[in-house]
Every structure is written in structure tokens, then in C-alpha cells.
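Novice: Build me a model:
(2 chains)
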Amino acid sequence: MRRILIMGATSAIAEATAREFAALGDALFLVGRNPDRLTAIADDLRLRGAARAETWVMDARELSAYPALLDEATRRLGGLDTALIAHGTLTDQTAAQASSELMLAEFQTNALSHMVLCTELGNRFEAQGHGCIAVISSVAGDRGRQSNYVYGSAKAAVTAFTSGLRQRLHPKGVAVLTIKPGFVDTPMTAAFKKGPLWATPTTVAKAIVKAVQRGKPVLYTPWFWWPIMQIIKNVPEAIFRKLKL
Amino acid sequence: MSRQALSWGRLPASEQRLIRLVSRFDALPKTAESLLPHGLGRSYGDSCLNSGGALLGTRGLDRYIAFDRDSGVIEVEAGVSLGEIIELALPQGWFPAALPGTRFVTVGGAIANDVHGKNHHRAGSFGHQLLGFELLRSDGQVLHCSPTTNADLFAATIGGLGLTGLIRSATLQLQKAPGSWIRGSSERFGSLAEFFALSAAAEAASAYTVAWIDSSATGASTGRGIFIRGNHAEGPSSTATPKNIRLPFTPPLSLINPLTLAAFNALYYRRPAATARDALWHWQPFFHPLDAVQEWNRIYGPRGFYQYQCVVPMQDAEGVIGEMLQRIAASKLGSFLVVLKTFGSMAARGMMSFPRPGATLAIDFPNRGAQTLALLDALDALTMAAGGAVYPAKDARMSAAAFRQYFPQWQAFAGHVDPRFSSSFWRRVTETEVS
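Specialist: Predicted coordinates:
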């Protein structure tokens, strides 16, 4: 039985992943902003087999609140060995490029909060000598594009940060998983036109659980995003700067 | 997001906006368009569509709320499917008390159509297992409805086609089931008279009864078919569930046509497995043989199909259904999917419920345009003359006059319709002048 912290537990990918963990009988500590929705999700996960489903209301942007959060999760689950960091917002690029203030706020939500939580978790897991930190980054972090570079660069920070953390913690028996979903059909992306590249939260969730179980370092999900992103990453800048991506 | 939401019959439909709900605690979306809850889209015609308006996608409301393993009482959000209820409840020995011909329907949709199953003669329809539900009205009120609280809205919402507001959650009383299996038998019958005799004799001992009818048979063989009966049973304690496949594309023409139909029907009727004195089925193939092929509705090709399901009072059932079957066989417009079943005498709880005492015939018709519609109108004339009714969940074409005869209480029901809710079906049958 894993004892799992899920940050951003009301997000579609997090809830779908929590259902997979629940079916395995894991114990879950669910963190989000909306208490009614957290309670509804916790009730559901217990019926789906979760050994425990505890809830905790907080705003992920409160960077000073993380040590207390981890103390509480550890106390209520009787220990902590896995974390899924899944909170975030899909940045409105047009608004964020027009306002430094908004750009910084997006970085607070999508990069700094992940890095603070990874730091706190990494040190605790290093001390206990085991654990797994799974962080949802994005294929958008693989290369900045004009259509979403504020979101993309925040995710790039998360990708680089977790890569370094993984190297540091690997010899200590702690796994760090960088998850890079492509297009996922969730409420966050409700405004987009859907095509064949779109995946369901359940598909992504199953891949995440498998990657956690196998101690995989980086997960592109669905898998076909790996070859797509290899191509996008390797387009020379002289050409890339002219593209309308 | 805007996209075409198809109903199960895959008939051409106009554009409407789909707004996906994610939390049962959210208020209704603020929009000027009319609203209609939409679950898994298994209604065949336009009762689950809202052309020019908005659909409230309820599949995001798919959480279990509470389940008492001792009493079999389960509370779920309205977008949970009956298959998902079975997944949770059957391992604990519980099963829905009324289950329609597919498990891919949501609880909200099952209430809104007061769906029925093969055990109607014993358990009634979906409304009979309903202990209560929460209804969100467009004025912001959340009303708890049960047989004793807000009883008028409870009755209006059962079979109310999603028009009385958004069902957020519902509480059901499940029935005990000793295992994942159904023990029973199947046998051929040579005529409608034989069907009615078999059905009357089987109902006392069998929870589930249903018949398949050979829609190509004519003359003295009219109404021949296969009668199936069964009861819940223990069986091999295997956890493996039957494998599902998917029809991967829509064939350019209906695979069901006059050339294939008679051959299919004759083979199916004559196959040795049609008779089994002591059969043991897993619950999935027994209740839902078609669910094994996902998107089987593509078989009728790009023009889609109609289903006609009527109920005819018992005293005239043999004659009226015999007449219908003769016309269908003569037209060669029918299909392989023909189901005949007798409803029990339990009065439905919904104001607008379809199930009522009598015999109910359901048959698919590939869409062949005007000739199909003319045949369905002729069937309606027979149903109306017999004092029967047609099932709105299956309908895409009944006239306003026919609807008003089948559901004479429709004007009283209209008083319970939420002012911001509407559907393509509702406008079709209520906003047309009837001479």
C-alpha cells in the first residue's frame, strides 16, 4: 500500500490517477482549494477501494504552507512515500504576455510552487531513504512557442528542476518522475477543438500509475508525444522563429 | 465548445453546444440558451438533443457518494452509469432492480426515461427502485425529491425527459443477486399465440423474460421467435469479464438490408443454440449482448436508423402486434433487432412514464427515408387505435398528435418543466399545432 499525497486533487488528471491508486488499495491525501469537491472525490475514492482518503484545503500559491502540509499528510497517513504534484492553471498567453504581474503569478502557480514542494518532499524522502515524487510537467515545456511560452517556460523550469532532483536523489533510493502529457481532454482544455492527438484523463492516469510502479524517469503520455517532441525540439531556430506554432 | 452531439440512432442532427459539468455543487451555466442534461447519448432520437441550445454533459458527475453493503442502498452522482453501479455493487451481492438493454446509460438518463428491463413484470421500471434524488432548478434551488418530499416533482421527473431540471444525484435500492450469472433457458416458439402462452406461464417463476422475433417470418409463422427466461444465480467464481470489441468504422451502406435480413433471421431462428433447457449466462451477454460490440449502431451505415418501441394493451396485443409484424415483414424494411416482452401490471411512478400494462415491441429500422417514415406512421396508426403508446426515448419522428394521445397528461407535466430547460423532442411534440 502506497501512502500518496495528491496536490491539485480536483484536477481531471489527478482525479483519474487517484481512482487508479484507489483500485490498488492505496491511502490518499487529497489537496485542493474547493472543500465540497474534495469531499465528494474522497467519498468516491473510498468506495473505489482507497485504504484512506483524507482531504486538506489549501491554495498551492501559499509557498510557506508546504512544510505544515507535509507534516499533516505524514501524520494522517502514518507516513508518506509517494507524491503526485498535479495542480496548475492553463495560462492565458495573450493576457500573460501583456502583464508582468500576471506572468509572475502564473510562474508562482505553475513553477515555483512545484519547486518548493519538490524541495520539501525531496529532503524528507532523502532522509527516509525511499519515495517517489511524480510531477506533472508538459510537452509544452520542451520548447517555447509563441502561442504559450509563459506556461511552457514555467513547465520547462519544472522539467529541468525535476531532472536535477532525480540525479541527486537516485543514489538515495528516491525516484523522481517527470510527466509530460500532450493534449488531454479536461475541463482545463474545454475551449480547444479536439482532434486525434487528444487523450482522455483515464489513459494518462493509467500511464502515470504504471510509470510510478516501474520507477520510470520521464513519461511522455500518450507515448506518441516523444517522437513528436524530438522533431519539434530539433527544428533549427532559424526556421523555428518563422513558424506559427 | 461546439460540436455535433449524436444520439444513438445517428440520424442527422443540428448543431448544439456541449457544456461539460465537472462538479455537482456548481450552479447551472449562465447562458441565454435553453439547457438539456445529456448523459451517454443512448436515447435513439431527439429526446437527448437540444438543437440550437446547450447540452449539459453529465458524465463529469461520475462519483459514487455512498453505498451500504448491508442494505443495498446506493447514492451516486447522476452521471454514473448503471455499468459502474454494477462494478461496485455486484461483488457485494447487489444488482440494479431494473436494468435496460445496455449498461452504458447514466442514472440521470435512466430516471429521465423511466427505463425498464426484462424483469418489468416483477420489479417495475427504474422509478420503482428510486428512493430519491436531488434536482437543481434554474432558479438556483436544490430540491430533494422522493415519494414523500416534493412528490409532484418526483413524479414529474421520473420519465420527465430531463426537462424538469438537472438531476445532481440519486439514491437507489438495489436488489440482491447471488452471483454474476443468470440461470435459465431458451426455446423456439412458432407464433405470437405461443409467445403469449409461454410468457404468461414463465412470469411466476422467472425474474427475467424476453423474446427475440423473426421479423421476416410471414403467414402462419408470423411472430415466431425465441423465448428466453432466467434468474440470478451463483456460478463459476471467475472474475474474467467477457471481451468487448468495437465496430471500427461506419460502413458506407447499411449492413442490414433486405438481402441480408431474411438470411440472418432464418439462421438465427434455426441455430441449434436457440434451444437450451438449462443455460448459464454471464450477466453481460444475458442482459446486454449488443454492448459487446462498441458502437454497434454504426452497422446501419451513414444514414442512421430509427427504433420503434410501442406498448399495446394486453387484450388486443396478439392481434395488433401480429398486424404490425405482417406489415414489417411485407415492407422488408425491418431489421434483425426485434424484441417482444410483456409489461407487468405495476403502475409506473412517473407522470410521463412509458411502461404500462400490455405487450411491448421494439424494432430497429435502417433509415431508408420516406418509405421508412411511412411505415412508422402506419405502425403509429395501429398503436393509436389500440390505445397504446410509443416510447419517447426511442423516437425521432412521432407526430405531435400521436404524442398527445399517448401521453394525455402532457399539459399537466408541462407545468413542471423548468423554464430554462427544453429539448428538440419536446419542441417537436408540443410546439406544433394539432388540428
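
Novice: all contacts plus neighbour counts: C-alpha atoms, from now on.
Specialist: Will do.

Novice: tell me what the strand or helix carrying residue A:166 is packed against?
Specialist: Residue A:166 belongs to helix A:149-169 when assigned by DSSP states H and E. Packing contacts for helix A:149-169, counted by 3 or more Cα pairs under 8 Å, 6 or more residues apart in numbering or on different chains; DSSP states H and E, involve helix A:93-98, helix A:100-107, helix A:113-128, strand A:174-181.

Novice: Report the inter-axis angle for that helix versus helix A:113-128.
Specialist: In this structure, helix A:149-169 runs at an angle of 10 degrees to helix A:113-128, with axes from the mean of the first three to the mean of the last three Cα atoms, to 10 degrees as the basis.

Novice: Let me see the ranges of the strands in chain A.
Specialist: Assigned by DSSP state E, chain A shows strands spanning A:3-7, A:27-32, A:52-57, A:82-85, A:131-136, A:174-181, A:218-221.

Novice: would a markdown table of those with mean neighbour count be doable?
Specialist: As requested, the strands of chain A are exported to a markdown table (neighbours: other Cα atoms under 10 Å in any protein chain shown):
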| stretch | mean neighbour count |
| --- | --- |
| strand A:3-7 | 26 |
| strand A:27-32 | 26 |
| strand A:52-57 | 20 |
| strand A:82-85 | 24 |
| strand A:131-136 | 26 |
| strand A:174-181 | 26 |
| strand A:218-221 | 21 |
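
Novice: Look up the closest residue to residue B:179, ignoring the ones flanking it.
Specialist: residue B:234 (4.4 Å; Cα to Cα, 6 or more residues apart in numbering or on different chains).

Novice: Enumerate every residue touching the residue in the stretch 51-200 of chain B that chain A sits nearest to.
Specialist: Closest contact between the stretch 51-200 of chain B and chain A, by Cα to the nearest Cα, is at residue B:64 (4.7 Å). Neighbouring residues of residue B:64 by Cα atoms under 8 Å, 6 or more residues apart in numbering or on different chains: A:43, A:44, A:47, B:75, B:76, B:77, B:80.

Novice: How many residues are close by residue A:116?
Specialist: 15 (other Cα atoms under 10 Å in any protein chain shown).

Novice: Number of residues surrounding the closest residue to chain A within the stretch 301-435 of chain B?
Specialist: Residue nearest to chain A within the stretch 301-435 of chain B: residue B:302 (20.6 Å; Cα to the nearest Cα). By the criterion of other Cα under 10 Å, residue B:302 has 17 neighbours.

Novice: if I pick it, what's in contact with it?
Specialist: By Cα under 8 Å, 6+ apart, the contact set of residue B:302 is B:10, B:250, B:251, B:252, B:253, B:254.

Novice: which SSE is the fourth one in?
Specialist: Taking DSSP H and E as the definition, one finds residue B:252 inside no helix or strand.

Novice: Near chain A, which residues of chain B are found?
Specialist: Within reach of chain A by Cα under 8 Å from any Cα of the partner chain, chain B has these residues: B:1, B:20, B:22, B:23, B:25, B:63, B:64, B:65, B:66, B:67, B:88.

Novice: what pLDDT does the last one get?
Specialist: In other words, residue B:88. For residue B:88, the pLDDT comes out at 97.

Novice: returning to that earlier point: so which of the helices and strands packed on helix A:149-169 is nearest chain B?
Specialist: Proximity to chain B (Cα to the nearest Cα) singles out helix A:93-98 among the helices and strands packed on helix A:149-169, at 19.1 Å.

Novice: Pop out the phi and psi values for residue A:90.
Specialist: Dihedral pair for residue A:90: phi -90, psi 110, per degrees, to the nearest 10.

Novice: who touches the residue nearest the centre of chain A in this structure?
Specialist: Nearest to the mean C-alpha position of chain A, by Cα atoms, centre = their mean, lies residue A:136 at 2.3 Å. Applying Cα under 8 Å, 6+ apart, we find residue A:136 in contact with A:84, A:85, A:86, A:178, A:179, A:180, A:181.

Novice: Now do the helices in the stretch 251-400 of chain B.
Specialist: B:258-270, B:283-287, B:314-331, B:370-385, B:400-406 (DSSP state H, counting those that start in this stretch).

Novice: Serialize these to TSV and add fields for mean pLDDT.
Specialist: Shown next, in TSV, are the helices of the stretch 251-400 of chain B (pLDDT from 0 to 100):
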stretch	mean pLDDT
helix B:258-270	86
helix B:283-287	91
helix B:314-331	95
helix B:370-385	97
helix B:400-406	97
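
Novice: Mind putting those helices into CSV with mean neighbour count?
Specialist: Putting the helices of the stretch 251-400 of chain B into CSV (neighbours: other Cα under 10 Å) gives the following:
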stretch, mean neighbour count
helix B:258-270, 16
helix B:283-287, 18
helix B:314-331, 18
helix B:370-385, 16
helix B:400-406, 18
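
Novice: so which of the ones you listed gets nearest residue A:97?
Specialist: Closest of the helices of the stretch 251-400 of chain B to residue A:97 is helix B:283-287, at 54.3 Å (criterion: Cα to Cα).

Novice: Show me how far that closest one is from its chain's centre.
Specialist: Relative to the chain's own centre, helix B:283-287 is displaced by 16 Å; criterion: Cα atoms, centre = their mean, to the nearest Å.

Novice: before we move on, what about stretch B:16-35?
Specialist: With Cα atoms, centre = their mean, you get 25 Å for stretch B:16-35.

Novice: Report the spatially nearest residue to the closest residue to chain B within chain A, omitting neighbours in sequence.
Specialist: Here chain A gets closest to chain B at one residue, residue A:44, 4.7 Å apart by Cα to the nearest Cα. The shortest distance from residue A:44 to any non-neighbouring residue, by Cα to Cα, 6+ apart, is to residue B:64 (4.7 Å).

Novice: per-residue pLDDT, the residue lying closest to residue B:364 once chain neighbours are set aside?
Specialist: Closest residue in space to residue B:364, ignoring its immediate chain neighbours: residue B:307 at 4.3 Å, by Cα to Cα, 6+ apart. At residue B:307, the predicted lDDT confidence score is 96.

Novice: now the one 5 residues further on
Specialist: The predicted local confidence for residue B:312 comes out at a pLDDT of 98.
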